[in-house]
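1. Mind folding the following:
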Amino acid sequence: MPTNVEHIETDAGLDPKQRCLDMQLDWIDTLLEVDQEVIDLIDAELAVRLRILPVKIENGRLLVAMLSPEDIEASDEVATVTNVPVSRCGMESQIFSELMRKYYGTTAARMAESLGSQSTSTESTDHNVDAIEADNILVMAEQPTLINLVNLLLLEAIQQRASDVHIEPFETELRVKYRIDGVLAEQPPPPKHLQPALTGRIKIMSSMNIAERYVPQDGHIALRFEGRKVDIRVSTVPTLYGESVVMRILDKSTMPLDLVSLGMTLEMQDQMDMLIEKPHGLVLVTGPTGSGKTTSLYAALNKLYDPRKKIITIEDPVEYELNGINQIPVNPKRGLTFASGLRSILRQDPDIIFVGEIRDGETADIAIRSALTGHLIFSTIHTNDAVSSIGRLIDMGVEPYLVASVLEGVLAQRLGRRICEDCKERVPLSEDLSHRLTADELPKFSAGMWIGKGCDKCNNSGFKGRVGFFELVVVNGPLRSAVSDNRAAADLASILPSNHTTMRRDAMRKAISGVTTIGEVLRATQDTDNDF
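-> All right, here's what the predicted structure looks like:
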């Protein structure tokens, strides 16, 4: 089958990007004023997804600038959509990004505004979502402009490193928020009259029942972005003014799979390596929802992977696919719970088992007994600090002597925002923060504190990325004996070594070195032990 795409070969040792810059100088200066008719040949969703910018039509061919000119599939798709033969050329990423922002920037907001201007006065005042029939929603959700709007909402969220997209319905407005580095950032809102179609389109993409609007639903979307697979977990719940939608973006490329990248010190990583390399026992990671527990355990499993070992996980849900590891999603509707799944896993001859969460006494009992019979068990539990997880297991009905026999270590953690390296600066310590520091902490900030003043690279937030604050308890002889005696958490804490690093101390060290801010430390560790 003939192709409409001209494959520009390199010559004289030049790669496509260099060829573009050296041989197309006659048009490179005119890129800032690309003809709108040429821009309109490729819609915003396609341009953003394929990273392609149409430049001009010359000799019957469409010249497109690309970040990856070797991506033949992308140029083939453009040729098919436009029905015009395509010539490819590379472009430096900074120039490309500036031009994309100019011609396709804030695309979702611009598209929503355009759709809003097309509404009639009746549409803009009638917000009775219940009155709209499912058949009408289906028709609206299949409109090409609406499809592109939803795609662009997702693509922009991925580009901005968002972990979640929230679509919240209210009486007279529809709000869209991206959770970036753990904090919700409000986006330009789509018109209220688009709510049924927008929600319907997301439900179609995630294989939900579009006609059911009064019970919570869960779904899944898989898409490709810049050549990689991105999974999106979708949840809808009915509210007073329609369905609230939350989409959790699971982008494996943004997940660091080593503990140092997560912010763990080399000393603590050495201790953690010692724990995960044990032949059997129980290793716990504790913290609230969203504190990065699963990511830390994924990093440990990734390091442990060996074709000679059988590694099985049971999770609710499976967030990221790990190569070479058997992962089981919990399915309570079909009787597959953590407890029943763990029993079945034990018949699979595993060496290492990851239980997504210990939620009840039955799961805790099976996990403990599995560790007793020679398996290495990893799991998570919800407590404020490392030592408290021991009491939580005992409260679930596990005998103290069994906990003491198998528990090898507990990692407690929180997540804070990293200061943007492009706009980081040191400023005097503010009075409202100084009185919240201890007498030991205050002198360490005599030279000032680090903040991010905000720049284009971090969307003027002053932060870019996240870092972990950790506390690691390795169970030694005296601690094991105290656990067996069912001593209180305060007594267990007093047995810890004198050089034990609490979570707040670990976080403060990162604030002193300029990795994060004092405010982030206080926010993330306020419910942990502050006693130095």
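2. give me phi/psi at the nearest residue to residue 338 once chain neighbours are set aside?
-> Distance criterion CB to CB, 6 or more residues apart in numbering; nearest residue to residue 338, sequence neighbours excluded, is residue 363 at 4.5 Å. In this view, the C-beta of every residue, glycine as well, is placed from N, C-alpha and C. With angles defined as degrees, to the nearest 10, residue 363 sits at phi -60, psi -40.
3. Report how many residues lie close to residue 363.
-> 22 (other CB atoms under 10 Å).
4. again, but for the one 5 residues further on
-> Applying other CB under 10 Å, we find 21 residues neighbouring residue 368.
5. and what of residue 282?
-> 28.
6. next one: phi and psi at the most centrally placed residue in the chain?
-> Nearest to the geometric centre of the chain sits residue 163, at 3.7 Å (CA atoms, centre = their mean). The phi and psi values for residue 163, taken as degrees, to the nearest 10, are phi -90, psi -20.
7. I'd guessed it sits against residue 255; true?
-> No: Residue 163 lies out of contact with residue 255 (CB atoms under 8 Å); the separation is 10.2 Å.
8. Contacts for the host helix or strand of residue 272, please.
-> In this structure, residue 272 sits in helix 266-276 according to DSSP states H and E. Helix 266-276 has contacts (CB atoms under 8 Å, 6 or more residues apart in numbering) with 259-260, 264, 283, 300, 303-304, 376, 378, 408-409, 411, 470, 472, 474, 501, 506.
9. just the helices in the stretch 351-500 of the chain please.
-> 361-372, 388-395, 400-406, 431-434, 477-484, 489-495 (DSSP state H, counting those that start in this stretch).
10. Render the CA-only coordinates of the helix or strand residue 282 falls within in PDB, please.
-> Assessed by DSSP H and E, residue 282 sits inside strand 281-286. Output in PDB follows, covering the C-alpha atoms of strand 281-286 (Å, rounded to 0.1, in the frame of the first residue of the first chain):
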ATOM      1  CA  GLY A 281       9.800 -12.600  57.300                       C
ATOM      2  CA  LEU A 282       7.400  -9.700  57.200                       C
ATOM      3  CA  VAL A 283       8.300  -6.100  56.000                       C
ATOM      4  CA  LEU A 284       5.700  -3.400  56.400                       C
ATOM      5  CA  VAL A 285       5.300   0.100  54.900                       C
ATOM      6  CA  THR A 286       2.900   2.400  56.700                       C
END
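11. quick one, the helix holding residue 272 and strand 281-286 angle?
-> 130 degrees (axes from the mean of the first three to the mean of the last three CA atoms, to 10 degrees).
12. and the one helix or strand residue 87 maps to, which strands flank it?
-> Here residue 87 is covered by strand 86-90, with elements defined by DSSP H and E. Its sheet considered, strand 86-90 pairs with strand 5-6 (parallel), strand 61-66 (parallel) by DSSP bridges.
13. so for it, what's the average pLDDT?
-> For strand 86-90, the mean pLDDT works out to 87.
14. Work out the gap between that strand and the centre of the chain.
-> 33 Å (CA atoms, centre = their mean, to the nearest Å).
15. Next secondary structure after that strand?
-> By DSSP H and E, the next helix or strand past strand 86-90 is helix 93-104.
16. And that following helix, what's buried?
-> 96, 99-100, 103-104 (16 or more other CB atoms under 10 Å).
17. outside of it, which residues touch it?
-> Contacts of helix 93-104 (CB under 8 Å, 6+ apart): 31-32, 34, 39, 44, 47-48, 51, 53, 65, 67.
18. same thing with stretch 334-344?
-> 314, 316, 328-330, 353, 355-360, 362-363, 366-367, 370.
19. Also stretch 507-515?
-> Applying CB under 8 Å, 6+ apart, the contact partners of stretch 507-515 are 263, 265, 414, 416, 418-419, 424, 426, 441, 444-445, 449-450, 467, 469, 516-518, 520-521, 524-525.
20. For the residue nearest to the centre of the chain, which residues are in contact?
-> So residue 163 contacts 179-180, 182, 248-249 (CB under 8 Å, 6+ apart).
21. ranges for the strands of the stretch 201-350 of the chain?
-> Taking DSSP state E, counting those that start in this stretch to define them, one finds strands in the stretch 201-350 of the chain at 217-225, 228-239, 242-250, 281-286, 311-315, 326-329.
22. So for the lengthiest helix in the chain, mean pLDDT?
-> The longest helix of the chain (DSSP state H) is helix 144-159. Across helix 144-159, the average pLDDT comes to 83.
23. and the residue lying closest to residue 46 once chain neighbours are set aside, what element?
-> Counting by CB to CB, 6+ apart, residue 46 lies nearest to residue 81, which is 6.5 Å off, once chain neighbours are set aside. Per DSSP H and E, residue 81 falls inside helix 72-82.
24. Quick check: buried residues in that helix?
-> Applying 16+ other CB under 10 Å to helix 72-82 flags 74-75, 77-79, 82 as buried.
25. separation between residue 349 and residue 60?
-> Noted for residue 349: a distance of 64 Å to residue 60, by CB to CB, to the nearest Å.
26. What sits closest to residue 354 if chain neighbours are left out?
-> residue 313 (3.9 Å).
27. So, low pLDDT: which residues of the protein?
-> Counting by pLDDT under 70, the chain has low-confidence residues at 1-32, 105-143, 227, 529-532.
28. could you redo the last one with a cut-off of 50?
-> 1-31, 120-127, 530-532 (pLDDT under 50).
29. Give the next helix or strand downstream of the helix or strand containing residue 48.
-> Using DSSP H and E, residue 48 maps to helix 44-50. Moving toward the C-terminus from helix 44-50, the first helix or strand encountered (DSSP H and E) is strand 52-58.
30. got the buried residues for that following strand?
-> Buried residues in strand 52-58 (16+ other CB under 10 Å): 52-55, 57.
31. Next: stretch 230-250.
-> Buried residues in stretch 230-250, counted by 16+ other CB under 10 Å: 230-236, 241-250.
32. and it, how far from the chain's centre?
-> With CA atoms, centre = their mean, you get 15 Å for stretch 230-250.
33. quick revisit: which of the contacts of stretch 507-515 fall in strands?
-> Judged by DSSP state E, strands contain the following of these: 414, 416, 418-419, 424, 426, 449-450, 467, 469.
34. Using JSON lines, please lay out these together with neighbour count and distance to residue 491.
-> Shown next, in JSON lines, are the ones in strands among the contacts of stretch 507-515 (neighbours: other CB atoms under 10 Å; distance: CB to CB, whole Å):
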{"residue": "414", "neighbour count": "27", "distance to residue 491": "24"}
{"residue": "416", "neighbour count": "26", "distance to residue 491": "30"}
{"residue": "418", "neighbour count": "22", "distance to residue 491": "36"}
{"residue": "419", "neighbour count": "26", "distance to residue 491": "38"}
{"residue": "424", "neighbour count": "19", "distance to residue 491": "42"}
{"residue": "426", "neighbour count": "12", "distance to residue 491": "41"}
{"residue": "449", "neighbour count": "20", "distance to residue 491": "36"}
{"residue": "450", "neighbour count": "20", "distance to residue 491": "38"}
{"residue": "467", "neighbour count": "23", "distance to residue 491": "32"}
{"residue": "469", "neighbour count": "30", "distance to residue 491": "25"}
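35. Now the two most distant members of these.
-> Using CB to CB, the pair of the ones in strands among the contacts of stretch 507-515 lying farthest apart is 414 and 426, separated by 24.0 Å.
36. who's in contact with residue 170?
-> residue 241.
37. hmm, back to that, now list the buried members of the contacts of stretch 334-344.
-> The buried subset of the contacts of stretch 334-344 - by 16+ other CB under 10 Å - is 314, 316, 328, 330, 353, 355-359, 362-363, 366-367, 370.
38. Now for the residues you listed: which two are most distant?
-> Maximum pairwise distance among the buried ones among the contacts of stretch 334-344 (CB to CB): 18.1 Å, between 316 and 370.
39. about what we covered before: emit the PyMOL select command for whichever of the contacts of helix 93-104 are buried.
-> Buried members of the contacts of helix 93-104, defined by 16+ other CB under 10 Å, are picked up in PyMOL with:
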select buried, resi 31+34+39+44+47+48+51+53+65+67
